[in-house]
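Chemist: Build me a model:
(2 chains)
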Amino acid sequence: MLTLNGRLGSRKVAQKLLARLQSTRDAANTQSIEIPKRIERGPTDILRALASTVGKDPTAAHFKYHDDPYFIPTSNRAKRTYALSREAGRRAAMWIRQEHAELFTQMTADPIIKDFLPRAVYDENSKVTEKTLHDAIRDAQLSDAVTIYRLLKKDGVSLRTKQDLLELLCYYNDEEPTSDQFPEERWFRRSLQNIKPKWKSNDIVDELFESLKNEDSAIATAAYNALICGTAKYLQVDKAWYLYDECLAKGFPVYVRSFNNMLRLVQFSKDAGGQRLTFMMDVLKTMSRNNVRPDIGTLNAALQLSTLLKCPEPGRSVALSIYKEMTNAGVEPSLGTYFYLLTIFCRTNGPVSEILIDILDRLEGKELEIKDPQDLFFFVKAMDIARNHLMNIDVGHRVHKLLLTGKNYNLIGENYMESIYYRHYLILAVQSESIDSFIKLYDTLVPNIYIPEPDVMNEILLAVEIAGASMAENLLPQLWSHMVMFEHTQREHLMVHVLQIMHTTCQPPSDSVANTQYADIAWDIWNRIEGQRPGYTMAVKWNAEMLGNVTVLLIRGGYFDKMLTVLSYLTEKQGVYTGILSKDQLDTILNACLENGHATAALSIISYAANNGIAGAGQMGYKLITTLSLDSAEETKLVNLVGKEVLQLHLG
Amino acid sequence: MALIVSLRNALPGLEKACIQRQIHVTPVAAKVVAGRYRVTTKRDRPLTYEMANPPHYIAHRKGWNSWNTSNMTDGNRPAETLLEDVFIRRFVTGTWHSLFVSEVIIKRQHNIIRIAGIIRRGIATRKMYFLIGYTEELLSYWLQCPIKLELQTVDDRKDVIFKYI
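Modeler: Residues are numbered from 1 along each chain as shown, chains lettered A, B, ... in the order given. Modelled structure (predicted):
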């Protein structure tokens, strides 16, 4: 209190206070306080704001996996199996709910959430109204909608609902859409296995169309357009063209999405490039005659056609003129547009084009949105071009940076494309960057975001090999444990490569601790190959080089007893593996046997050398007899192997 | 006559005895046994940490098995919550047959129910993932709210044993 009084009393403080008061009063006089306008917020905005504060954590597994060591997947196969198993469990629960729908009657939720309740089943006796039909159409329940429609038909259905049903059937082509409740199944599907869609003729579709096409022009237009879209989407080429011509002849307006679908059909109706081009131009001209403004679908469909033209000419010039014309008409290009441009401009056998760099200049730092299904192919294509066409890691890093901007990661597509993307990225990085900076990248991506395939691992091993012995000492044990984790130990070429690096190309100095580590790895490899299920078709088979490498590595690590196990396999099962050991390796093994005073093992080595006609068996025998004292049986054996003369010759 | 006299003499005593007998006078047996485990002669009954601490240690040494606000003043659905919890526990112990080695902990926050526990690594991981998906989905159909499982695994049943009594 005293100090406070003292302070207040001091003249300086009083002056300061006064100055502050004055300034506030002045501010209040000169400016009026502006209350900002209320920003309309959605119900989930606060959640989005919270979510935006959390970044991607490369040290943790994806959140769809349980956070427990037992539940975290360590290989690509495990990732797939775990995520799909969980969805299989959900499917099982769904099946039970549907089979025993009579038990799931309680309504605890208020208001009632329809997704928790079993789906209604409709048959001939169900009481249905037009509203039920409308609801089924809205929820895209295709088979239900058809059943309800059949029930309602005699009472008459309004034209509007008929049109809706026609659109639904044309969009999904008589096949129940895959539910969005199973994101993992979509994520892990194999995109290359996509089967070409086929239009299934449905009597309901024909019936609906016949009843709608003779109504007034607005209704007929909608019906025509729906059917054109459906038949064109599912490649019923002739029917689509017929309807399209009929629609134009009758003078009904054709919607832009119908034009887009027709454009995608051009490639199926004409084979030669020139014909396709004129055909496409026809469609585009019809569009402009009818005053239909092109949209992103038009641009991408036209570009897709120009990817099929000859490259570099006329493909490039056509693509450029289309691009220019459409952007002038106000179409905003999407990622799919760039994907097609990259496909056209960066061919493997064509001239090198740096168009990707221009695209990156334009896109960098932007948060992108999906506008066209083809958008999902952009990132894979861009990384592919950075690796195979430009061979430029800086471009690769820029593409990756763009992918990590905002929510752009959603545009990676699916699991298959994601792994191709990272395969390109890592191989590009390992081939063009120093091993240190590559390992930094490797540690952020592996294993939680991406698990390298065996081919990528081979490239990494190659880079380690080039980096030299001291780098290999640091990296190889870690890489080996990763290879075990990722289930790469059944790849023969990887095993051979690892052994070769440890044995030959990156041999550590004799006093290094790496010798023990390498010996451990070699022993692990031995046990893994020996422990394979008999009769397994993919089993790794031994050859002499591998066995020799394992033996020498075990000797360098000081594991003499373990070495003897491998040695007995080497000498006893000669017919099982291919090739023979080299002289150097035999010498190393013999020396180790002599150092450890193991005459039997030394004899077996000499017998191996003698049987396989390796020069110098006599010399080895001489070395044995001078270093160790042999009993008479062993001596006789040695004499039988190399001959008395040779030993005496050397002795003499 | 003599009998009557003797009776008259005896009656007050009898009356007194009757009154006295009406009061129960054996020692009070108010032994608390709920949530406690008896010591065995061989001292080989395994207890988890949760079992080793009697109920009066709740909120001191151990937590609750059901976390919700139903029983506070103006709490929502206390009876329903209790029954649902019993249902969840039975469903989970039955579905994860002989896998749970801890109590089933049920935590409610807003409309979400989180079910936590420690399980044994008794079956393959993919089968566990199947059970996770199944449990979450079926319980959410039944209780009509999002359900999440929060599991931790131990290698062996013995890993959760705190002491033997």
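Chemist: Where does residue 148 sit: helix, strand or coil?
Modeler: Picked chain A for this. Using DSSP: H, G, I helix; E, B strand; the rest coil, the three-state assignment for residue A:148 comes out as helix.
Chemist: that's the wrong chain, I wanted chain B
Modeler: Secondary structure of residue B:148, per three-state DSSP, is strand.
Chemist: pretty sure it is touching residue B:137, no?
Modeler: No - Residue B:148 lies out of contact with residue B:137 (C-beta atoms under 8 Å); the separation is 11.4 Å. Using the backbone N, CA and C atoms, a C-beta is placed for each residue, glycine as well.
Chemist: Looking at those two, which is more packed in?
Modeler: residue B:137 (23 against 14; other C-beta atoms under 10 Å in any protein chain shown).
Chemist: looking at this, the more buried one is in a strand?
Modeler: No - read with three-state DSSP, residue B:137 is helix and lies in no strand.
Chemist: Chain neighbours aside, what residue packs nearest to it?
Modeler: residue A:93 (3.6 Å; C-beta to C-beta, 6 or more residues apart in numbering or on different chains).
Chemist: Would you check how far apart the one you found and residue A:116 are?
Modeler: Per C-beta to C-beta, to the nearest Å, residue A:93 is found 11 Å from residue A:116.
Chemist: Spit out the residues that contact these two alike.
Modeler: Counting by C-beta atoms under 8 Å, 6 or more residues apart in numbering or on different chains, the common neighbours of residue A:93 and residue A:116 are residue B:141.
Chemist: Next, count neighbours for the residue of the stretch 551-652 of chain A found nearest chain B.
Modeler: Nearest to chain B in the stretch 551-652 of chain A, going by C-beta to the nearest C-beta, is residue A:562, at a distance of 28.6 Å. If you count neighbours by other C-beta under 10 Å, residue A:562 ends up with 20.
Chemist: excluding its backbone neighbours, what's nearest it?
Modeler: Leaving out its chain neighbours, the residue that sits closest to residue A:562 by C-beta to C-beta, 6+ apart is residue A:554, at 5.2 Å.
Chemist: and the spatially closest residue to residue A:545 that is not a sequence neighbour, what does it touch?
Modeler: Spatially, and ignoring its direct neighbours in sequence, residue A:545 is nearest to residue A:579 (6.2 Å; C-beta to C-beta, 6+ apart). Residue A:579 makes contact with A:543, A:544, A:545 under the criterion C-beta under 8 Å, 6+ apart.
Chemist: in which helix or strand would I find the residue nearest the centre of chain B?
Modeler: With distances taken as C-alpha atoms, centre = their mean, residue B:35 lies nearest the centre of chain B, 6.4 Å away. For residue B:35, there is no host helix or strand (DSSP states H and E).
Chemist: Chain neighbours aside, what residue packs nearest to residue 121?
Modeler: Here I'm looking at chain A. Using C-beta to C-beta, 6+ apart and skipping residues adjacent in sequence, the residue nearest residue A:121 is residue A:101, 7.5 Å away.
Chemist: was after chain B, sorry
Modeler: Closest to residue B:121 by C-beta to C-beta, 6+ apart is residue B:153, at 5.1 Å.
Chemist: Give the partner strands of the helix or strand where that neighbour lies in its sheet and their orientations.
Modeler: If you go by DSSP H and E, residue B:153 is part of strand B:147-154. Applying DSSP bridges, strand B:147-154 is found paired with strand B:112-120 (parallel).
Chemist: which of the residues in the partner strand are buried?
Modeler: Applying a neighbour-count criterion of 16 or more other C-beta atoms under 10 Å in any protein chain shown, the buried positions in strand B:112-120 are B:113, B:115, B:116, B:117, B:118, B:119, B:120.
Chemist: Can you read off the pLDDT for the closest residue to the second one other than its chain neighbours?
Modeler: Leaving aside its chain neighbours, residue B:115 sits nearest to residue B:149 (5.3 Å; criterion: C-beta to C-beta, 6+ apart). On the pLDDT scale, residue B:149 is placed at 95.
Chemist: Quickly note the distance from residue B:149 to residue A:119.
Modeler: From residue B:149 to residue A:119 the distance is 25 Å (C-beta to C-beta).
Chemist: These two - which one has more neighbours?
Modeler: Higher neighbour count among residue B:149 and residue A:119: residue B:149, with 20 against 15, using other C-beta under 10 Å.
Chemist: dump the residue contacts of that one.
Modeler: A:66, B:114, B:115, B:116, B:132, B:135, B:136.
Chemist: now the closest residue to chain B within the stretch 201-350 of chain A, what's its secondary structure?
Modeler: Nearest residue of the stretch 201-350 of chain A to chain B (C-beta to the nearest C-beta) works out as residue A:204 at 32.0 Å. Using three-state DSSP, the three-state assignment for residue A:204 comes out as helix.
Chemist: For the residue in chain B that chain A sits nearest to, which non-adjacent residue is spatially closest?
Modeler: Of all residues in chain B, residue B:133 sits closest to chain A, at 2.7 Å by C-beta to the nearest C-beta. Spatial nearest neighbour of residue B:133, excluding adjacent residues (C-beta to C-beta, 6+ apart): residue A:89 at 2.7 Å.
Chemist: what separates whichever strand or helix holds that neighbour from the chain centre, distance-wise?
Modeler: Taking DSSP H and E as the criterion, residue A:89 maps to helix A:76-99. How far helix A:76-99 lies from its chain's middle: 21 Å, per C-alpha atoms, centre = their mean, to the nearest Å.
Chemist: Dump the buried residues of strand B:112-120 into CSV; add pLDDT as well.
Modeler: Output for the buried residues of strand B:112-120, formatted as CSV (pLDDT from 0 to 100):
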residue, pLDDT
B:113, 96
B:115, 96
B:116, 96
B:117, 95
B:118, 95
B:119, 95
B:120, 94
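Chemist: how about these in JSON lines, adding distance to residue A:335?
Modeler: Putting those into JSON lines (distance: C-beta to C-beta, whole Å) gives the following:
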{"residue": "B:113", "distance to residue A:335": "40"}
{"residue": "B:115", "distance to residue A:335": "41"}
{"residue": "B:116", "distance to residue A:335": "42"}
{"residue": "B:117", "distance to residue A:335": "45"}
{"residue": "B:118", "distance to residue A:335": "46"}
{"residue": "B:119", "distance to residue A:335": "44"}
{"residue": "B:120", "distance to residue A:335": "48"}
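Chemist: hang on, the residue nearest to residue B:121 packs against residue B:122?
Modeler: No - in terms of C-beta under 8 Å, residue B:153 does not count as a neighbour of residue B:122; the distance is 9.4 Å.
Chemist: quick one: contacts for the closest residue to chain B within the stretch 51-200 of chain A?
Modeler: Taking C-beta to the nearest C-beta as the measure, the stretch 51-200 of chain A has residue A:89 as its residue closest to chain B, at 2.7 Å. Taking C-beta under 8 Å, 6+ apart, we find residue A:89 in contact with B:129, B:130, B:131, B:132, B:133, B:134, B:135, B:136, B:137.
Chemist: rerun that using 6 Å as the cut-off
Modeler: Going by C-beta atoms under 6 Å, 6 or more residues apart in numbering or on different chains, residue A:89 touches B:130, B:133, B:134.
Chemist: got it, and residue A:398?
Modeler: residue A:360.
Chemist: circling back to that earlier point, list the buried residues in the helix holding residue A:89.
Modeler: Quick answer for helix A:76-99 (16+ other C-beta under 10 Å): A:76, A:78-94, A:96-97.
Chemist: Point to the helix or strand of the chain where mean pLDDT is at its lowest.
Modeler: Picked chain A for this. When the helices and strands of chain A are scored by mean pLDDT, DSSP states H and E, helix A:2-9 comes last with a mean of 49.
Chemist: how many neighbours does the residue lying closest to residue A:344 once chain neighbours are set aside have?
Modeler: The spatial neighbour of residue A:344 that comes closest, neighbours along the chain excluded (C-beta to C-beta, 6+ apart), is residue A:319 at 4.8 Å. Other residues within reach of residue A:319 by the criterion other C-beta under 10 Å amount to 23.
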